[in-house]
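> what follows is a predicted structure for the sequence shown.
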Amino acid sequence: LRPVVSTSCLRRTFISTPNSNAKGSADDFGYQGQSDMYHLYRPRYPLDMFHEINQRVPTEKSKRSIAVDIACGTGLLTTSLAKPLNVGCKTLDDFGMGFKKVIGIDTSQTQLEKAKEHSQCSNIEYQWQNIDERMEFENDSVDLVTIGQGLHWFNIPKLLSEVKRILKPETGVFAVCGYGAPRFDQYELFHKAF
């Protein structure tokens, strides 16, 4: 497995007020309006990043059955995986990787609700999963696992063990996506694993 890392950099900060209606006990996006702001102002991933991922995933339909987007948030990355295959385009709005089924998982119910609200692809399923424990996928069943700008939230050895467990051997791809090269406490452990 080889990680794919994007290299452009943007930063934003938002301040919100608590929402007493937020679901989930540890929902970091449970503030009123925070998911709306996230979805509106979160920088989009560069088209070049998607082209890089596309080059690493076999194009045969049988190799693009299932993609899992970990820490999917409001589905910004998830949607591009689910759109019909269209890699020769010039804009991200038109780009699609053509996966038969895409599963976006997150621990924030608020973010998942926003993702469902904006989802226009019938082949996307959004699920709340405790990603720190065990992901609810069969061994050797997933063609692509992505994580966009979210690696720092996880225990890297546990996450890598789960990703390796669910990816198809030989052809599975794990794409770590972001606006720059990731830096976090467990960075060295991640690179040693790959």
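Perfect, I can see it now.
> quick one: residues in contact with stretch 63-70.
Residues from elsewhere that reach stretch 63-70, judged by C-beta atoms under 8 Å, 6 or more residues apart in numbering: 57-58, 75, 77-78, 81-82, 85, 97-105, 131, 135, 137, 141-148, 150, 159, 163, 166, 171. To be clear about C-beta, it is placed using only N, CA and C from the backbone, and glycine gets the same treatment.
> could you list the buried residues of that stretch?
64, 66-70 (16 or more other C-beta atoms under 10 Å).
> quick check: Val173 touching Leu167?
Yes - Val173 lies in contact with Leu167 (C-beta atoms under 8 Å); the separation is 7.5 Å.
> what mean pLDDT does stretch 118-126 get?
Averaging pLDDT along stretch 118-126 yields 92.
> neighbours around Pro46, how many?
Residues within reach of Pro46, counting by other C-beta atoms under 10 Å, total 15.
> next one: the one 4 residues further on
Neighbouring residues of Phe50 were enumerated by other C-beta under 10 Å; the total is 23.
> from Gly98, how far off is it?
12 Å (C-beta to C-beta, to the nearest Å).
> what's the overlap in contacts for those two?
By C-beta under 8 Å, 6+ apart, no residue touches both Phe50 and Gly98.
> show me the contacts for the residue nearest to Ile105 when sequence neighbours are not counted.
Once flanking residues are discounted, Ile105 sits nearest to Gln129: 4.4 Å by C-beta to C-beta, 6 or more residues apart in numbering. Neighbouring residues of Gln129 by C-beta under 8 Å, 6+ apart: 105-107, 135-136.
> no further queries at this time; thank you.
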